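Undergrad: what follows is a predicted structure for the sequence shown.
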Amino acid sequence: MKPITAIIVFFSLMFPALFLGYNNYAEAKENIIKDVNQALAKTVIYKMPTKITADTLQVFKSNLQINQLKETSYLSLCTEEPSKITFCSDTISFKTKGERLYIRAYPNCSKATIFDISEQSIPGALLTISILWGMFSMIYLRRKENAMILATPVYQTVSFGNLSYSVSFGQFYNEQKEEIYFTPMQLSFMKMLMEKENKKVAVEEICDKLWPGKDNARESLYTLVRRLKPIVESNSNVKIVSDKGGYALATKKILIVSIMSDKYQFVYVPAFTTL
């Protein structure tokens, strides 16, 4: 499973859950207002109250269809001006004993009560599934990442100067990480030098390794080195040098400039040095 797949599935579950949950919550608020409106209308028709009494309130609550509202709702005589509390019934106007009165009903319920009244089973199920999916995806992708890290091979590389040799792939690279191409014999010779700790190999060891039992192995080695030197030097700051009965790798040294008093002193060093 790819991370993008996990994300798409997660939001495909989460967005419908939030959308349905909000719509059902808004619908519950509308149903509450409808319920207090009808209960208020029945109360006014039955009682025509000139004041709010316990009996009036009892009649109003008996007409409510939503049980949760019976504990919190109340009535209030008011003016014809709109209520500052928006979550209330419509204003009902009636005339009794020659006087015009106005009355409103207030559900006076909390958001938690509205949420409880609303239908949230399907949104809740979708939300739960999306959360469980998100947790599963995180665990799965984390384990997959760890497994990939453990399965990734460790590539051993030996470097000398700006010349690199991948032991894992058996290839040489320059400073730009571009492969340097050698013939099979040249590659074997360079591997012998790079794999030595001091980057130096005796002539006898080279001949025995590359041309076992050959009489003129030294001449072949000389020819090999002569052709190999330009390739190495053109691709790195490394050079093959003769060193006490063998061959070794050497790197260039830079020009050292030191400052003495107010004058520059230039100190030249050999172009190549071995380890």
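TA: Received it, and whenever you're ready, just let me know what you need. Residues are numbered from 1 along each chain as shown.
Undergrad: need the helices for the protein, in chain order.
TA: With helices called from DSSP state H, the chain shows them at 3-47, 54-63, 111-117, 121-151, 184-195, 203-210, 217-235.
Undergrad: how close does residue 21 get to residue 189?
TA: Between residue 21 and residue 189 the distance, using Cβ to Cβ, to the nearest Å, works out to 74 Å. For every residue, glycine as well, the C-beta is placed using N, CA and C.
Undergrad: those two: who's more crowded?
TA: residue 189 (22 against 19; other Cβ atoms under 10 Å).
Undergrad: which residues of the protein score low on pLDDT?
TA: 149-155, 252-275 (pLDDT under 70).
Undergrad: about what we covered before: turn the helices of the chain into CSV, including distance to residue 160.
TA: Converted to CSV, those look like this (distance: least, Cβ to Cβ, whole Å):
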stretch, distance to residue 160
helix 3-47, 41
helix 54-63, 93
helix 111-117, 71
helix 121-151, 29
helix 184-195, 6
helix 203-210, 17
helix 217-235, 11
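Undergrad: what's the closest of those to residue 174?
TA: Closest of the helices of the chain to residue 174 is helix 217-235, at 4.6 Å (criterion: Cβ to Cβ).
Undergrad: buried stuff in the closest one?
TA: In terms of neighbour count (16 or more other Cβ atoms under 10 Å), helix 217-235 has its buried residues at 217, 220, 221, 224, 225, 228, 231, 232, 235.
Undergrad: what is the nearest of these to residue 111?
TA: Set against residue 111, the nearest of the buried residues of helix 217-235 by Cβ to Cβ is residue 235 (73.5 Å).
Undergrad: contacts only, for that closest one.
TA: By Cβ atoms under 8 Å, 6 or more residues apart in numbering, the contact list for residue 235 reads 163, 174, 180.
Undergrad: spit out the contact partners of the first one.
TA: The reference is to residue 163. Going by Cβ under 8 Å, 6+ apart, residue 163 touches 172, 173, 174, 180, 194, 232, 235, 236, 237, 238, 249.
Undergrad: any idea how far it is from residue 172?
TA: Taken as Cβ to Cβ, the span from residue 163 to residue 172 is 7 Å.
Undergrad: list residues touching both of the two?
TA: Residues touching both residue 163 and residue 172 (Cβ under 8 Å, 6+ apart): 180, 194.
Undergrad: quick one: residue 250 and residue 242 touch, right?
TA: No. Using Cβ atoms under 8 Å, residue 250 is not in contact with residue 242; the gap is 10.2 Å.
Undergrad: more neighbours: the two, which one.
TA: residue 250 (21 against 11).
Undergrad: make CSV out of the contacts of residue 163 and add distance to residue 31.
TA: CSV is the format used below for the contacts of residue 163 (distance: Cβ to Cβ, whole Å):
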residue, distance to residue 31
172, 79
173, 74
174, 77
180, 79
194, 82
232, 86
235, 81
236, 81
237, 83
238, 84
249, 87
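Undergrad: out of these, list just those in strands.
TA: Taking DSSP state E as the definition of strands, the contacts of residue 163 contribute 172, 173, 180, 238, 249.
Undergrad: gap between stretch 120-133 and the chain center?
TA: 23 Å (Cα atoms, centre = their mean, to the nearest Å).
Undergrad: hang on, the earlier thing: closest one of the ones in strands among the contacts of residue 163 to residue 205?
TA: residue 249 (15.0 Å).
Undergrad: what sits against the closest one?
TA: 160-161, 163, 193-194, 199-200, 238-241, 274-275.
Undergrad: now those residues: which count as buried?
TA: Burial by neighbour count, judged by 16+ other Cβ under 10 Å, picks out 160, 161, 163, 193, 194, 199, 200, 238, 239, 240, 241 from those.
Undergrad: re the thing from before, and which of the buried residues of helix 217-235 is nearest residue 58?
TA: Using Cβ to Cβ, residue 235 comes nearest to residue 58 of the buried residues of helix 217-235, at 99.9 Å.
Undergrad: any idea how far that closest one lies from residue 199?
TA: 17 Å.
Undergrad: okay then, goodbye and thanks.
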